[in-house]
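*Asks:* what follows is a predicted structure for the sequence shown.
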Amino acid sequence: MNVKFRPKILYIEDTPASRQLVSRLLGQEYIVLEAADPLSGIELARHTNPDLILVDVNLPGMSGHEVATRLKTLFPETPLVAITADTSPGGRERALIAGCAGYLNKPIDPDTFSDTIADFLGGRQDDLDESTGEYRAYQAELVERLEIKIRELTEVAARNAYLFEQNRQIIALLQRRQRLLEASARVSHNITSILNLDQLLNDTVNVICNEFGFYFAGIFLLDATREWLELRAGYGEAGAALMAEGFRVPVGFGSMVGIVVGDHKARIAVDVEEETSFLRHEYLPKTASEMVLPLIFKHTIFGALSVQSDIPNSFADDDSTALQTLADQIAVAIHNAHLLRDLEAANQEILRTKTYEAIATATGEAIHWVGNKAAPIPASAGRVREDLTNLLAMVHTLWGLPDAAREAHPFWEVVQNTLGAAPGLGLDLPAQAGKLAELSPTAFMFLGDLESTLEDLHIIEQSARKILDIKEDLIGPARKPHLEDLNMAMVLRATINGMGLPAGVIISDFGPDLPLIRADARQLDNVFSNLIKNAWEAMKGQETPHIWVRALIPEPGFVRVEVEDNGPGIPPELLEKIWVSFFTTKGGQGGTGLGLAACMEIVRQTGGKIWVESVRGKGAKFLVLLPALTPS
């Protein structure tokens with residue numbers, strides 16, 4: 001039996017040896033799930049919905065009877081079986097009262113255990129003799145357990161009250177400290193409680209200005225190129241205006257922020273009029289002094305914190321210490337946000353890859369068969385169109401000729417042969433003409449609609465081509481790759497030349513001395529032709545469409561290819577969805593929704609990665625990072 005169709009059995013038992021024995025006895029026929037304590041067992045049952053639950057009676061924290069009662073409430077149709085070494089009187093009855101379908105004594109009999117489990121899966125239900133005493137005993141047991149839990153909770157509450165009082169006294173002492181340290185503690189709390197990085201940065205600049213009394217605070221972060229610093233959070237109306245216009249400064253020069261990030265060192269201007277690197281802005285006319293602190297975590301710099309005052313020489317030593325602590329905390333938060341982003345991206349890529357693999361595996365054989373059957377259709381449709389055109393041309397020529405000239409014309413014999421072959425092909429033309437003669441004048445208007453006939457042929461041809469595209473997108477990445485050492489510039493030039501786009505649309509820029517890569521040339525051609533085709537289709541109606549295809553060395557050991565267009569861009573809400581199999585933004589315009597999924601799978605097989613950057617209204621840029629061939 002396929003593993004995924006086997007019944008699932010959950011065994012809640014705190015003794016590892018017992019769990020191993022049951023797993024060994026049942027593992028060949030069932031999926032055996034294990035939990036070492038009651039709460040884990042209940043949670044695992046919620047997530048897996050087992051077909052049968054085995055529960056030990058003697059468990060830590062909650063008794064097996066309590067676990068059975070809770071599970072029976074959650075899964076009323078799932079059979080539960082108690083397993084225990086306890087042979088005390090009334091044990092079996094209490095287990096059945098708690099909701100168990102059966103009661104098995106330890107030690108487990110290996111010879112009969114599997115058959116017994118099969119009986120309970122088949123609906124076996126042990127009978128319970130009516131016993132008021134056992135019901136009362138079980139109720140008394142539950143009440144006793146409840147009392148114990150209440151006492152434990154009461155003790156915890158008392159302990160918490162004591163700890164709360166201790167914390168209150170500590171907080172009272174901390175409140176006597178300077179306001180700078182209070183603000184630092186508040187930002188620290190925000191870092192641990194606010195998961196959204198943008199919200200955290202905005203709250204931080206607000207706390208700095210409100211608690212410290214500063215004129216302005218802004219947080220700059222490096223962009224993807226690490227050549228620019230973008231303002232990601234700014235205080236007040238000035239900050240909102242600067243962010244609205246996309247304010248940024250270059251790294252290494254032109255401003256105190258740029259220099260601090262370039263040097264990885266803090267910088268203070270006690271009087272900005274004497275600071276040559278100070279960058280004054282119309283939105284901040286009152287700035288008199290500025291302090292800029294780098295945001296660094298473990299030798300990695302993320303950006304800088306800029307704090308400005310409208311009072312000269314306003315930064316004391318305490319300010320520097322407190323603000324540097326804030327800057328360090330912000331850097332940790334940014335680092336954590338990057339880790340979370342990378343983790344989510346990795347999870348999404350795994351999900352997309354597994355989805356694509358599942359679709360390709362499940363439908364590969366069928367789509368291969370369908371694709372082979374569909375392969376002749378486009379050519380056949382083309383021949384039908386050609387034959388129809390030829391026949392119409394001959395009829396048109398013969399139509400206006402006199403009888404003698406018509407019968408002497410070479411086209412006459414072809415038409416006669418065509419009409420003469422009709423009966424042998426099962427076409428009774430006289431009978432069909434008789435049926436047509438009976439049609440109404442209105443119906444005659446729709447006979448011989450050449451436009452409709454050609455449109456039907458076009459639909460047949462396009463549908464067949466879509467089937468073939470789907471076949472290639474699904475099966476192409478699954479083919480065994482033919483690896484060879486490739487010159488990326490040559491691969492891209494061949495792809496571009498094969499696209500057949502109008503002159504001047506594609507602008508290529510290939511960096512010098514690009515290292516070789518090892519990949520399948522045909523599959524890489526599929527990737528880049530797909531990206532270029534998507535870019536061209538996205539710019540439909542664009543007055544001056546352009547596609548930039550670049551190849552460069554972003555860092556040693558890699559080659560990066562960029563395909564960028566000046567189209568409308570991709571909406572932010574679709575940036576993740578475009579990679580999902582069968583998702584398409586082309587509607588009824590012919591997209592299969594598999595092109596980008598296939599691109600991602602091919603790039604992944606090559607050891608690289610692919611992603612997209614897009615700003616609404618400013619085009620989209622797809623980036624493909626491939627490992628360079630390492631010299632032996």
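*Replies:* Structure received.
*Asks:* Trp611: neighbour count?
*Replies:* By other CB atoms under 10 Å, 16 other residues sit near Trp611. To be clear about C-beta, it is placed using only N, CA and C from the backbone, and glycine gets the same treatment.
*Asks:* and for Leu575?
*Replies:* Leu575, neighbours per other CB under 10 Å, totals 15.
*Asks:* within the helices and strands, which one has the residue at the greatest distance from the centre of the chain?
*Replies:* What lies farthest from the middle of the chain is Ala404; by CA atoms, centre = their mean that is 74.6 Å. Secondary structure from DSSP states H and E places Ala404 in helix 403-408.
*Asks:* who's in contact with the closest residue to Asp126 other than its chain neighbours?
*Replies:* Of all residues not flanking Asp126 in the chain, Gly102 sits nearest, at 4.7 Å (CB to CB, 6 or more residues apart in numbering). By CB atoms under 8 Å, 6 or more residues apart in numbering, the residues touching Gly102 are 79, 81-82, 96, 116, 120, 124-126.
*Asks:* top of the residues you listed by number of neighbours, please.
*Replies:* Ala82 (28 neighbours).
*Asks:* which SSE is it in?
*Replies:* Per DSSP H and E: strand 80-84 holds Ala82.
*Asks:* so what does the next helix-or-strand element following that strand touch, helix or strand wise?
*Replies:* Downstream of strand 80-84, the first helix or strand assigned by DSSP H and E is helix 91-97. Applying 3 or more CB pairs under 8 Å, 6 or more residues apart in numbering; DSSP states H and E, we find helix 91-97 packed against helix 64-74, strand 80-84, strand 102-105, helix 132-174.
*Asks:* worst average pLDDT in those?
*Replies:* Across the helices and strands packed on helix 91-97, helix 132-174 has the smallest mean pLDDT, namely a mean of 70.
*Asks:* so Ala224 versus Val612, what's the distance?
*Replies:* 12 Å (CB to CB, to the nearest Å).
*Asks:* between these two, which has more neighbouring residues?
*Replies:* More neighbours surround Val612 than the other of Ala224 and Val612, with 17 against 10 (other CB under 10 Å).
*Asks:* contacting residues around the more buried one?
*Replies:* 570, 575, 578, 620-623.
*Asks:* at 10 Å instead, please
*Replies:* 531, 563, 570, 574-576, 578-579, 596, 620-623 (CB atoms under 10 Å, 6 or more residues apart in numbering).
*Asks:* next helix or strand past the lowest-mean-pLDDT helix or strand in the chain?
*Replies:* Using mean pLDDT, DSSP states H and E, helix 450-475 stands out as the lowest-scoring helix or strand of the chain, at a mean of 62. The C-terminal neighbour of helix 450-475 among helices and strands, as given by DSSP H and E, is strand 483-486.
*Asks:* direction included, what does that following strand pair against?
*Replies:* strand 517-520 (antiparallel) (DSSP bridges).
*Asks:* quick one: distance of whatever helix or strand comes next after the partner strand to the chain centre.
*Replies:* As assigned by DSSP H and E, the chain's next helix or strand after strand 517-520 is helix 521-538. Mean C-alpha position of helix 521-538 versus that of the full chain (CA atoms, centre = their mean, to the nearest Å) differs by 22 Å.
*Asks:* kindly report the same for stretch 115-134.
*Replies:* On CA atoms, centre = their mean, the centre of stretch 115-134 falls 47 Å from the chain's centre.
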